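# what would the 3D arrangement of this be:
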Amino acid sequence: MSSSTPLAKKTNRWQDLLRMPLEVGRILILVAMLLLLLLFLLGGTTQLYVDSNSVGRDELSRLIPTPHEVWQAWQTYQDDLIETQIPNTLWATLTGLALATVIGLGLASIMDMFPPLRWILYPLLVLTQTIPTFAIAVILILLFGFGYGPKIIVVVLFCFFPIMVSTLDGLRSTNPLHMRLLRAMGANKLQTWWKVRLPTAMPSFFSGLRLAATYSVVGAVIGEYVGSGAGLGKFLQRSYRSFNTDQVFLVVIVIAALTVLLVLLVTLLEMLALRWLLVGRQSSNTIWQKIGGVWLVESLNKRVEAK
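The predicted model follows:
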């Protein structure tokens, strides 16, 4: 033992010497990336400052409407938006989001069950996200006409990727101990995937679905902007071409409101589907939260007894 100790120390010393250049290189790369990011941030901020000073205050006041003007635009076009434009956009949004959910979940499941397919399909799916959306929308209009088809496909292209990536990451983050335990109990591969891997991936799936919900309305609006006959995108196009900035800001507010409602709907669906996860989180409350809950129960009991 005493003869091997100096050898071990010498080996560790050489390993430390070899590891030092790698650590120095890693630190230099991180510092270089940080400096590059700060350089771009400084350049972009400077460019925005110069461009903002080149626009006069009178021109800026004409471009940005007042809240009263936006409210007047809402009163003028309220019936048209509620009866025609918003329903058309919502139909394309919800249909495309539903198809994107099925496609994203299905692709993630297939790539998780068959790992060789992941190396083949994943780069191709990433490539679909690099194609400009306007170019795809124009091609889809030439193929399918001016109906709902192109808008729905654009929404699917916008939304399936975050769902697929988040679900795949969730499936791959399963605890190996749980997998070994179920296999020791005699479960086959499909049963293990259904009872362990899929439930483990559900929080990640809903995170991707929530992110896709924020993209879905924008995807439908882009599809309508390019070639649809009705919808918020077409209304935005008409407002932009007629230089009615109050209507443009009104459409932006409506799109933001619809997006928030969709995200809240996905959050509610997650709370209903993952009650077991919420129960686990509630069981790990702090002592002050538990004391507050006991105090609330006691106060309610006193009120019931008083009545």
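
# low-confidence ranges, this protein, go.
Low-confidence segments of the chain, defined by pLDDT under 70, span residues 1-18, 52-63, 228-229, 276-307.

# center of it, which residue is that?
In the chain, the residue lying closest to the centroid (C-alpha atoms, centre = their mean) is residue 211, at 1.8 Å.

# what's the helix or strand for that one?
According to DSSP states H and E, residue 211 maps onto helix 198-227.

# helix or strand right after that helix?
Using DSSP H and E, the first helix or strand after helix 198-227 is helix 232-241.

# other residues contacting that next one?
77, 80-81, 85-86, 88-89, 220-226, 228, 245, 247-248, 250-251, 254-255 (C-beta atoms under 8 Å, 6 or more residues apart in numbering). C-beta: built from backbone N, CA, C; applies to glycine.

# now, of these, which are buried?
With burial judged by 16 or more other C-beta atoms under 10 Å, the buried subset of the contacts of helix 232-241 is 77, 81, 85-86, 88-89, 220-226, 228, 245, 247-248, 250-251, 254-255.

# which of the residues in the one helix or strand residue 257 maps to are buried?
Assessed by DSSP H and E, residue 257 sits inside helix 245-273. Across helix 245-273, burial judged by 16+ other C-beta under 10 Å covers 245-251, 254-255, 258-259, 262, 266, 270.

# residue 107: what's it in contact with?
With C-beta under 8 Å, 6+ apart, residue 107 has these contacts: 121, 125, 160, 164.

# ok, residue 207 - how many residues close by?
Residues lying near residue 207 (other C-beta atoms under 10 Å) number 18.

# excluding its backbone neighbours, what's nearest it?
Excluding its sequence neighbours, the residue lying closest to residue 207 (C-beta to C-beta, 6 or more residues apart in numbering) is residue 166, at 5.2 Å.

# which SSE is the one you found in?
Residue 166 belongs to helix 148-172 when elements are defined using DSSP H and E.

# quick check: angle from that helix to helix 198-227?
Between the axes of helix 148-172 and helix 198-227, defined by axes from the mean of the first three to the mean of the last three C-alpha atoms, to 10 degrees, the angle is 160 degrees.

# which helices and strands sit right next to helix 148-172?
helix 86-113, helix 115-128, helix 133-144, helix 198-227 (3 or more C-beta pairs under 8 Å, 6 or more residues apart in numbering; DSSP states H and E).

# chain center to the second one: distance?
Yep, that's helix 115-128 we're talking about. Distance of helix 115-128 from its chain centroid, counting by C-alpha atoms, centre = their mean, to the nearest Å, is 20 Å.

# can you show me the CA trace of that helix as CSV?
Listed next in CSV are the C-alpha coordinates belonging to helix 115-128 (Å, rounded to 0.1, in the frame of the first residue of the first chain):
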residue,chain,number,x,y,z
PRO,A,115,-34.1,5.4,-30.4
PRO,A,116,-32.5,4.9,-34.0
LEU,A,117,-35.5,6.9,-35.4
ARG,A,118,-34.6,9.8,-33.1
TRP,A,119,-31.3,10.2,-34.9
ILE,A,120,-33.0,10.2,-38.3
LEU,A,121,-36.2,12.2,-37.6
TYR,A,122,-35.0,14.8,-35.1
PRO,A,123,-32.7,16.7,-37.6
LEU,A,124,-35.4,16.7,-40.2
LEU,A,125,-37.9,18.1,-37.8
VAL,A,126,-35.5,20.8,-36.7
LEU,A,127,-35.1,21.6,-40.4
THR,A,128,-38.8,22.3,-40.7
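
# this completes my enquiry, with thanks.
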